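Peer 1: sharing a sequence plus its predicted fold:
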Amino acid sequence: MKSHIQSLLAQAIELLKQQEVIPTDFEARIQVDRTKDKTHGDFATNLAMMLTKVARKKPTEVAQLIIESLPEDSQVSKVEIAGPGFINFFIDDNALASQLTLALKDDHLGISLPKAQTIVVDYSAPNLAKEMHVGHLRTTTIGDSMVHALEFLGHKVIRQNHVGDWGTQFGMLLAYMEELRAQNGEQAQLALSDLETFYRAAKVRFDESEEFATRARKLVVELQSGNEYYNKLWREFNDISLSHCHHVYQLLGVSLTREDVRGESAYNDDLAQVIQDLDAQGLLSESNGAKVVFQEEFKNKEGEPLPVILQKADGGYLYATSDMAAMRYRANVLKADRALYFVDLRQALHFQQVFALARKANFVDDNISLEHMGFGTINGDDGRPFKTRSGNVVKLVDLLTEANTRALELVRSKNPDMDEAELINIAKVIGISSVKYAELSKNRTSDYIFSFEQMLSFEGNTAPYLLYAYTRVTGIFKRASDVDLTDASILLEHDKEKELGTKLAQFGEVLSRMVAKGQPHALCGYLFELAGAFSSFYEACPVLAADTQEQKKSRLLLAKLTAKTLKKGFSLLGIDTLERM
Ligand code: ARG
C-alpha cells in the first residue's frame, strides 16, 4: 500500500512537471510514512514541503496542487492537507479488506516484491583456531535472519562464511597437534574435541618453550608456501573445528552449510596479486619494512595518518589483505549488487578503510554497495563483556545447552502432566528461540545484557510470549474446524478489526525496512505489535460467538491471516512455532 501511495504521488509529480509547476529535471524523493495517529489517516508525506523551493510557492499551496494532480484511486478514500503542508491519505476499508483477502491466498502474503538483486551476506565467520563463543551469536543469528528475509523477497543470496583459518595461530596449533600425535594418537584426537582447552594448552607450550615457538613460526611459513604434509594436517584441524561450528549451526537452526564456507585461506593465491595491483597504482608505501596504504581521510586524534597494513615485514599477509581479495571476488566473480558484512562494530574502522581502498584501487566499481552492518557487545550483569563465573569466554554450545535446560524446567512447571518426550520437544524450541529472539529483537548497534530470566519470560517482547500468542490464535481454528471458509471474505467493521487489519497490511513495509537497514528488530517489534493488536481484537470481537455467520467467517479469516503472518515472520527470524505449549 505504501508503494502504491508513492506511485500515485509520482504520477502527480509528472503532471506538475508537464504543467511546469516544478522543473522537469527535478528528482523528487518521495517519502511516505505510516501515521502514528489514525485521525491523520493511514499514510502521510512531507513531499509538498520538499517542493516549496523549486515550485516557489507556500507548502500548503504546493500540497493543494499535488492533491489536485493525484489520479483517481479506489483504494484511497480521502486525502487532506494537515499542519504546515503534510498530505494525509486515508485508506478505504474495502480496499484494505480485499488486500487482506488476497494476502491469505498468496505465498508472499500479497506483498509487492522488489527488483531482484544478487546479495552477498558475510556472517558468522568464526576464527577456526577456537570454538564458537557467545560473541558469535549476534553475527550468526542476525545474518541468518537477513538471509531468509532477502530470499523471501526474491533476491539471489550468496552466503559467505569468511572463517578465520589462515592466521599465525595455525602454526602454533599444528605444532602442538603434531607433538601430541607423536606421543599418543588417541590422546591427540581427544584433546581436539575441546578446542578451547586445546588452544590454551598450545599457547602454554608456545610461551614456555623457545624451541616450540620457533617450530610454530616455521610451520606457518611451511603451510603458506604449500607444504603437502602441513597442509594436510591443517585441513584435518579445520575439518574438526568446522564440524564443531556446524554442530552449533544445527542446534541453532542456522542455514549455513559447508558449501558456504569460504575462509581467508581461499584468497591465499590472490594475495601477492593484491599487493602488486596496489603497487602498480602507486598506492603502496613502506613503513618499517611493512607494505601499507595511507588514505587522506583516515587520521587518528592527533591528526597522524592511519595506515592499512597489507604485508608485514616478514612477508606475511594480513586480515585486510584477504578482505581486499574477497571484495574483488564478491564484486567481479559473484557479481554482487550488495555485499553485507555482519561483523562486530569494533571493526568499523577496518571496514571503512578497506571499502574506501577497494574503490580507490578500482577493485570494485560503483555498482556494488558495500555495507558494514556492525553490532554491539553482549554484556553480563556487570555491564562488561559476558564471561563465565571463572572469567572464561562462554562457549556457544554450553550457552544453548543451558537455555534448553532452563526451558525444560519452565515448561515442566507449567505442564506437570505432560509426557516427557513432548516436554523435551517443546523445551528445545522455547530454549533456542528465546536465545535467538532476545538477540534479534535488540537494536543491532546497541550493546545488551544477556539474561536468561528476561529471554525466558512470558511477558514482554520475548519468544515465549509470542510463541504462546501464536498457539492462542491457532487454538481458535481447532474449535472452528467445521466452518467452511471457501467463499468467505474479510469485512472491517469494528475499530479493532480495522486496527488489526491495518497492522496485518504492514508486513511488506516492515520487511523492506528490515532488509534495507539490516534490522531484524524491526520485524520482531512488528510481530510483537501484531500479537498485541490481535489480543485487543479478540477481546473486543467475539469470533465463535459472532452476531452473524459472515462476521464469524470474516473474523476467522482475520485470525487465519494473523497466524499466517506470525508464522512467516517467525520463520524469517529462523524461529520454529509450536501448536501447543
Ligand atoms: N573472523 C573474523 C572475526 O572473528 C570475522 C570475519 C568477518 N568477515 C570479513 N570479511 N572480514 O573477527
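Peer 2: Arrived safely, thanks for sending.
Peer 1: for the closest residue to Trp234 other than its chain neighbours, the count of nearby residues, please.
Peer 2: Nearest non-adjacent residue to Trp234, counting by Cβ to Cβ, 6 or more residues apart in numbering: Leu223, 5.7 Å away. Any C-beta I mention is one placed from the backbone N, CA and C, and that applies to glycine too. Neighbourhood size, Leu223 [other Cβ atoms under 10 Å]: 20.
Peer 1: where's Leu223, which helix or strand?
Peer 2: Element membership for Leu223, per DSSP states H and E: helix 210-224.
Peer 1: and that helix, what does it pack onto?
Peer 2: Counting contacts by 3 or more Cβ pairs under 8 Å, 6 or more residues apart in numbering; DSSP states H and E, helix 210-224 packs against helix 169-183, helix 195-208, helix 228-252.
Peer 1: tell me which of these is the most buried.
Peer 2: helix 169-183 (a mean of 20; mean count of other Cβ atoms under 10 Å).
Peer 1: next up, the contacts around Glu439.
Peer 2: Leu137, Arg138, Thr141, Ile142 (Cβ atoms under 8 Å, 6 or more residues apart in numbering).
Peer 1: Leu153 too?
Peer 2: Leu113, Pro114, Leu511, Ser512, Val515.
Peer 1: for the longest strand belonging to the chain, C-alpha coordinates in PDB please.
Peer 2: Secondary structure of the chain read by DSSP state E shows that its longest strand is strand 290-299. Extracted C-alpha coordinates of strand 290-299, given in PDB (Å, rounded to 0.1, in the frame of the first residue of the first chain):
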ATOM      1  CA  ALA A 290      55.800  -3.400   6.000                       C
ATOM      2  CA  LYS A 291      53.700  -2.600   2.900                       C
ATOM      3  CA  VAL A 292      50.900  -0.200   3.800                       C
ATOM      4  CA  VAL A 293      48.400   2.200   2.300                       C
ATOM      5  CA  PHE A 294      47.800   5.700   3.800                       C
ATOM      6  CA  GLN A 295      44.500   7.300   2.800                       C
ATOM      7  CA  GLU A 296      43.900  11.000   3.300                       C
ATOM      8  CA  GLU A 297      40.600  10.600   5.100                       C
ATOM      9  CA  PHE A 298      41.800   8.300   7.800                       C
ATOM     10  CA  LYS A 299      43.700  10.000  10.600                       C
END
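Peer 1: buried residues of it, list them for me.
Peer 2: Buried residues in strand 290-299, counted by 16 or more other Cβ atoms under 10 Å: Ala290, Lys291, Val292, Val293, Gln295, Phe298.
Peer 1: run a quick neighbour tally on the nearest residue to the fifth one once chain neighbours are set aside.
Peer 2: Setting aside the residues directly before and after it, Gln295 is nearest to Ala356 in space (Cβ to Cβ, 6+ apart), at 5.8 Å. Residues lying near Ala356 (other Cβ under 10 Å) number 17.
Peer 1: repeat that for the one 4 residues further on.
Peer 2: Here the count is done by other Cβ under 10 Å, and Lys360 has 13 residues near it.
Peer 1: ok, it touching Phe294?
Peer 2: No: using Cβ atoms under 8 Å, Lys360 makes no contact with Phe294, being 11.4 Å away.
Peer 1: in three-state terms, how would Pro416 be classified?
Peer 2: The three-state assignment at Pro416 reads coil, by DSSP: H, G, I helix; E, B strand; the rest coil.
Peer 1: can you check Leu306 too?
Peer 2: Leu306 - assigned by three-state DSSP - is strand.
Peer 1: hang on, the earlier thing: residues in contact with the longest strand of the chain?
Peer 2: So strand 290-299 is in contact with 275, 278-279, 283-286, 305-313, 349, 352-353, 356-357, 360, going by Cβ under 8 Å, 6+ apart.
Peer 1: figure out how far the helix or strand where Glu14 lies is from the centre of its chain.
Peer 2: Secondary structure assignment for Glu14, by DSSP H and E: helix 2-18. Remark: helix 2-18 is offset 32 Å from the chain centroid, using Cα atoms, centre = their mean, to the nearest Å.
Peer 1: now do stretch 345-360
Peer 2: Going by Cα atoms, centre = their mean, where stretch 345-360 is centred and where its chain is centred differ by 20 Å.
Peer 1: count of neighbours near the residue lying closest to Ala175 once chain neighbours are set aside?
Peer 2: With sequence-adjacent residues excluded and distances taken as Cβ to Cβ, 6+ apart, Ala175 is closest to Ala216, at 4.3 Å. Neighbour count of Ala216, defined by other Cβ under 10 Å: 22.
Peer 1: my read: Ala216 touches Phe206, true?
Peer 2: Yes: counting by Cβ under 8 Å, Phe206 is a contact partner of Ala216 at 5.9 Å.
Peer 1: who touches both of the two?
Peer 2: Met172, Ala175.
Peer 1: what's the helix or strand of the chain with the lowest mean pLDDT in contact with?
Peer 2: The weakest-scoring helix or strand in the chain, judged by mean pLDDT, DSSP states H and E, is helix 185-191 (a mean of 76). Residues from elsewhere that reach helix 185-191, judged by Cβ under 8 Å, 6+ apart: Met177, Leu180, Arg181, Thr197, Phe198, Ala201.
Peer 1: what do you get if the cut-off is 7 Å, keeping everything else the same?
Peer 2: Met177, Leu180, Arg181, Phe198 (Cβ atoms under 7 Å, 6 or more residues apart in numbering).
Peer 1: ok, for the last one, nearest residue in space, not its chain neighbours?
Peer 2: The shortest distance from Phe198 to any residue that is not its chain neighbour, by Cβ to Cβ, 6+ apart, is 5.2 Å, and that residue is Ala191.
Peer 1: so Phe90: helix, strand or coil?
Peer 2: strand.
Peer 1: next: Glu371.
Peer 2: Per three-state DSSP, Glu371 ends up strand.
Peer 1: burial count for it?
Peer 2: Glu371, neighbours per other Cβ under 10 Å, totals 18.
Peer 1: got a list of what it touches?
Peer 2: Arg338, Leu340, Tyr341.
Peer 1: please redo it, this time with the cut-off set to 8 Å
Peer 2: Contacts of Glu371 by Cβ under 8 Å, 6+ apart are Arg338, Ala339, Leu340, Tyr341, Gly518.
Peer 1: ok, Thr462 to the ligand distance?
Peer 2: For Thr462, the distance to the ligand (Cβ to the nearest ligand atom, to the nearest Å) stands at 29 Å.
Peer 1: and for that residue, the neighbour number?
Peer 2: 21.
Peer 1: with adjacent residues omitted, what lies nearest to it?
Peer 2: Thr462 sits nearest to Met455 (Cβ to Cβ, 6+ apart), 6.0 Å away.
Peer 1: look up how far Gly431 lies from that neighbour.
Peer 2: 9 Å (Cβ to Cβ, to the nearest Å).
Peer 1: ditto for Ala188
Peer 2: 34 Å.
Peer 1: quick one: which of those two has more around it?
Peer 2: Shown here are Ala188 and Gly431; by other Cβ under 10 Å, Gly431 has more neighbours (26 against 17).
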